[in-house]
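In: just coords:
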């Protein structure tokens, strides 16, 4: 593990393998991808990082925060690691950063996987953003983090994993990005709108979504797939917003099959 340009990152797999960069969602922590790293690292050099303002990365968010600056951070990380071109997979906020990257620097991407992402603000998850911020303002970080699984996971998965979620709470609380940073990052995500520019993206793209995602409607992924020429849409019937965590084997199989189809 190391820090480059203020971003904390870790690499897994063989150094000479094709690089696959994984970008987390609103929480920002590269540790989000823990259930998937072993499977993906068998074929790729997997690189995970903490978004700026989160985890072990620089917690200072100076100047305007936008999805474009999130994409700039990825470019900076690639430059620091000597990576000219990479596969990129992003979940939610990480996925929209990938879309911004595909518009800003398509020559740096081989393939793009957008998991439960969007091309413009949807009224449903805008309401979810508002509710989450209200919980944070009125109840504090602990209440916010206790409520978070309700947005991320299916009800049955939560029932089976209450002990795990309770164990993780203190860890998440200790590494919480803070109300100011979270508010700035949500504001940036709310402003993101490339709906009219999807047709400009030429990077091979997989839009992967869970039909039971109660945070970001699967129709948002359908919109991405419809707008990007040649993009593929894959819908999981179950898995929730964090489908890579709840059904990791199925998730990894879909991603690996799609990436290898271009070999």
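Out: Nice, I can see it. Note that the structure is predicted; figures quoted are calculated from it, not measured. Numbering: from 1, shown residues only.
In: can you confirm residue 239 is in a helix?
Out: No: assignment of residue 239 by DSSP: H, G, I helix; E, B strand; the rest coil gives coil, placing it outside any helix.
In: was I right about it contacting residue 210?
Out: Yes: at 3.9 Å, residue 239 and residue 210 qualify as touching, with contact defined as C-beta atoms under 8 Å. Heads up, the C-betas are built off the backbone N, CA and C, glycines and all.
In: which residue ranges of the stretch 1-150 of the chain form strands?
Out: With DSSP state E, counting those that start in this stretch, the ranges of strands along the stretch 1-150 of the chain come out as 2-4, 7-12, 19-23, 45-49, 86-91, 109-115.
In: swap that for the stretch 151-263 of the chain, please
Out: All strands of the stretch 151-263 of the chain, identified by DSSP E, counting those that start in this stretch, fall at 205-210, 232-236.
In: show me the shaky parts of the stretch 1-150 of the chain.
Out: Under the criterion of pLDDT under 70, the regions of the stretch 1-150 of the chain flagged as low confidence span 1.
In: and the longest helix for this structure?
Out: Among all segments of the chain classified by DSSP state H, the helix with the greatest residue count is helix 123-152.
In: buried sites along that helix?
Out: 125, 128-129, 132-133, 135-136, 141, 144-146, 148-149, 151-152 (16 or more other C-beta atoms under 10 Å).
In: could you do stretch 82-93 as well?
Out: Within stretch 82-93, the residues scored as buried using 16+ other C-beta under 10 Å are 83, 86-93.
In: need the residues you listed in a markdown table with distance to residue 258, can you?
Out: A markdown table is the format used below for the buried residues of stretch 82-93 (distance: C-beta to C-beta, whole Å):
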| residue | distance to residue 258 |
| --- | --- |
| 83 | 21 |
| 86 | 16 |
| 87 | 10 |
| 88 | 13 |
| 89 | 10 |
| 90 | 15 |
| 91 | 15 |
| 92 | 19 |
| 93 | 21 |
